[in-house]
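In: Sequence and predicted model, in that order:
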Amino acid sequence: MLNPSYIIPPLPPPAELETKPVLRAAAEAHRYLAEVKGLAAAIPNQGILIDTLSLQEAKASSEIENIVTTQDELFQADLLPEAMRSPAAKEVALYRDALKLGFESMRASGGLITNNTLIAMFQTLKRTTGEFRTTPGTALRNDRTGDIVFVPPQDGREIIAHMTALERFINDDALSDLDPLVKMAVIHHQFESIHPFPDGNGRLGRILNVLYLTRVGLLDIPVLYLSRAITGSKGEYYRRLQAVRDEGAWEEWVLYMLRAVASTSRTTLELIEGVRAQMADYKHRIRRDLPKLYSQDLLNNLFRHPYTRIDFVQTELGVTRQTAARYLDQLAEAGFVQKHQAGRNNYYINTCLVDLFMRVSDGE
């Protein structure tokens, strides 16, 4: 019989969370987050950021679970029939779909992040009809040694009770006066410790982070590229999670998460500024070189779909297939996109945008 070595605490946990180092780190993280929020608002169509940056977040979060895909596989996935996509690209796309579903559900519910939303995201991510765990036997193991490092709650009723308390803590701002970023770190740790689903808890917990920042107004849209920082320090991430359970090391865990938010915000700023600058450049040059072609919808298409195709343009611009093909061929001839062929179909790559994602993803 498995026995938990860590008792899930009440919320907020009975620990000193807002120490002087934590408050200093929180102030820095808030400053960078405010810049992200402001710069994102300067993009004419924020749906572009949700589509493109959610895919980058999905890629980074999936890598933490050793699901690795390339930028090329990532962008090609939407062009290919599902049977032709790589397993990793499918997983990353499902993460993106779960994130977008969560954001849309939160907006529809007036800003609430409910357990029903979390369950719907799990079902999207894992392509299942399952819900919270109901059978015992779950244990978290060290990937290298295979040793059990943590046993989450085993009883289904206990899991529901903990998730009900967590749902209330997430949505009822009167329950604590913690700084929202500190509270996000607590929420993430609590979710990972409850480990409510049979699989996918790490990825769902990371989606919960960015949804919470949106719920409390620190972001308008869920575009923080937070998993990239965790990918780069995965060993420390798991050590800090476990140190809270073993030693009550809350300050170190909160500091880790605050530094991840600050670091990620800087990276996200670089991405958003790059997208904004490229869109402005393309707008100017298309108007100058191909004035009869230019429309804001066409520009949005080139940045919403780094790999685009004729039917994407046809649908989003409301033009005929022949007209959409002519637009893309003219853009390719003028050097705005590169034309490629896959079987009998053509697709067109916004290479400047893809290069930006590759540079930032590689930390250059």
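Out: Sure thing, it's come through.
In: contacts, neighbours, all on C-alpha from now
Out: Will do.
In: Tell me where the stretch 101-250 of the chain has strands.
Out: 140-141, 148-150 (DSSP state E, counting those that start in this stretch).
In: next one: the stretch 251-364 of the chain
Out: 307-308, 338-342, 345-349.
In: Could you single out the most deeply buried of those?
Out: strand 307-308 (a mean of 26; mean count of other CA atoms under 10 Å).
In: Partner strands of that one, with direction?
Out: Using DSSP bridges, strand 307-308 pairs in its sheet with strand 345-349 (antiparallel).
In: now the partner strand against strand 338-342, angle please.
Out: For strand 345-349 against strand 338-342, the angle by axes from the mean of the first three to the mean of the last three CA atoms, to 10 degrees is 150 degrees.
In: List the contacts of strand 345-349.
Out: Residues outside strand 345-349 that contact it (CA atoms under 8 Å, 6 or more residues apart in numbering) are 79, 306-310, 328, 332, 337-341.
In: and if you look at stretch 30-47?
Out: By CA under 8 Å, 6+ apart, stretch 30-47 touches 49, 218-221, 261-262, 265-266, 268-269, 272-273, 276, 300, 304.
In: Name the residue closest to the centre of the protein, please.
Out: Using CA atoms, centre = their mean, the residue of the chain that lies closest to the mean C-alpha position is Glu57, 3.9 Å off.
In: Could you find the closest non-adjacent residue to it?
Out: Setting aside the residues directly before and after it, Glu57 is nearest to Tyr225 in space (CA to CA, 6 or more residues apart in numbering), at 5.0 Å.
In: Same check on Leu293?
Out: Leu293 sits nearest to Tyr327 (CA to CA, 6+ apart), 6.7 Å away.
In: count of residues packed around that neighbour?
Out: Per other CA atoms under 10 Å, the neighbour tally for Tyr327 reads 19.
In: Just the pLDDT for it.
Out: With respect to pLDDT, Tyr327 has a value of 97.
In: re earlier: for the residue nearest to Glu57, give its distance to Lys90.
Out: Relative to Lys90, Tyr225 is positioned 19 Å away (CA to CA, to the nearest Å).
In: Is it possible to get the strands of the stretch 101-250 of the chain out as TSV so that each row also shows mean pLDDT, mean neighbour count and distance to Leu175?
Out: Below are these laid out as TSV (pLDDT from 0 to 100; neighbours: other CA atoms under 10 Å; distance: least, CA to CA, whole Å):
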stretch	mean pLDDT	mean neighbour count	distance to Leu175
strand 140-141	84	14	30
strand 148-150	88	16	28
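In: Those strands: which one's closest to Gly232?
Out: strand 140-141 (20.6 Å; CA to CA).
In: on contacts alone, who are the packing partners of that closest one?
Out: strand 148-150 (3 or more CA pairs under 8 Å, 6 or more residues apart in numbering; DSSP states H and E).
In: Enumerate the sheet neighbours of the strand it packs on, specifying parallel or antiparallel for every one.
Out: strand 140-141 (antiparallel).
In: check contacts around Leu118.
Out: 102, 204.
In: ok, now Lys283?
Out: 294, 299.
In: can you give me the helices in the stretch 201-350 of the chain?
Out: Assigned by DSSP state H, counting those that start in this stretch, the helices in the stretch 201-350 of the chain fall at 201-215, 227-231, 234-247, 250-289, 296-304, 310-317, 321-333.
In: okay if I get those as CSV plus distance to Met358?
Out: Shown next, in CSV, are the helices of the stretch 201-350 of the chain (distance: least, CA to CA, whole Å):
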stretch, distance to Met358
helix 201-215, 22
helix 227-231, 13
helix 234-247, 20
helix 250-289, 10
helix 296-304, 15
helix 310-317, 23
helix 321-333, 21
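In: Relative to Asn66, which of the ones you listed is closest?
Out: helix 227-231 (9.8 Å).
In: Torsion angles phi and psi at Tyr225?
Out: The phi/psi pair for Tyr225 (degrees, to the nearest 10) reads phi -90, psi 50.
In: Pull up the per-residue confidence for it.
Out: 79.
In: Tell me which residues touch it, please.
Out: Counted by CA under 8 Å, 6+ apart, Tyr225 has contacts 53-54, 56-57, 264-265, 267-268.
In: next one: Val275
Out: Taking CA under 8 Å, 6+ apart as the test, what Val275 contacts is 303, 353.
In: Next one: it from Gln296, what distance?
Out: Note on Val275: its distance to Gln296, by CA to CA, is 15 Å.
In: Distance of the residue nearest to Glu57 relative to Ala25?
Out: With CA to CA as the criterion, Tyr225 and Ala25 are 18 Å apart.
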